[in-house]
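# Need a 3D model of the sequence below.
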Amino acid sequence: MSLLSDFFLRAKHWQIFLLVFGVCLVGQALIVKGAHSAEESGRASLMRLGLTVALTMFGFVFWFWSTGTFLCSFVRPDLRPRIAFFRAAIIFPVVYAFAVPSFFMSPQPELFYSVMVPAHVFAMVCLIYDVYFVAKSLALALTGEPKSLPDFAGTFLLLWFFPVGVWIIQPQINRLYRARQRPGSPGK
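A predicted model of the protein is given here:
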């Protein structure tokens, strides 16, 4: 497990909240400060916005990556969800967030509609799948029994509404992580 994944798994809920929203707030402050500058061009402001969104997205999805991968390792192999699409679904929204400013600066509107709209829809599908994967993996890790969406819909909604959900979900992940760290625990 990487050092960054380890941080996300043992961090308190307020630390993750501050990290993700702190990056967003600092980035927004830099955008507002730059917008008041006479030398600021629309292109530079748009690039700063893209970087802020991408860094915020990176913190958000890396929390999903860390928790989803960790929780999946807790689940019995016969119940374990497939992790391949989850990994791709984690990476695409971050890549998309970095690429968005260049599409907005394109002088060709057909490029915007032919590439940007499908990419945006796919990024949303990826984020929904990421939330689904983590919610299902948490339910399976906690119970060890097969689960359907109605069984973990509450967890799904808590993860989707991250600012609220992180305060409830992260303590459960912390408990599972501490249990895994104890000598003689399964999966260690």
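# Let me see the contact set for the nearest residue to Leu4 once chain neighbours are set aside.
Leaving aside its chain neighbours, Leu4 sits nearest to Phe62 (6.7 Å; criterion: CB to CB, 6 or more residues apart in numbering). In short, each C-beta sits where N, CA and C put it, glycine included. Residues in contact with Phe62 (CB atoms under 8 Å, 6 or more residues apart in numbering) are 4-5, 8, 90.
# Save those residues as TSV, and put in pLDDT, neighbour count and distance to Val53 too.
Listed next are these as TSV, based on pLDDT from 0 to 100; neighbours: other CB atoms under 10 Å; distance: CB to CB, whole Å:
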residue	pLDDT	neighbour count	distance to Val53
Leu4	77	11	20
Ser5	80	16	23
Phe8	85	23	20
Ile90	92	22	16
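# Export those to a markdown table and append columns for secondary structure and distance to Val100.
Below are the contacts of Phe62 laid out as a markdown table (DSSP: H, G, I helix; E, B strand; the rest coil; distance: CB to CB, whole Å):
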| residue | secondary structure | distance to Val100 |
| --- | --- | --- |
| Leu4 | helix | 24 |
| Ser5 | helix | 26 |
| Phe8 | helix | 25 |
| Ile90 | helix | 17 |
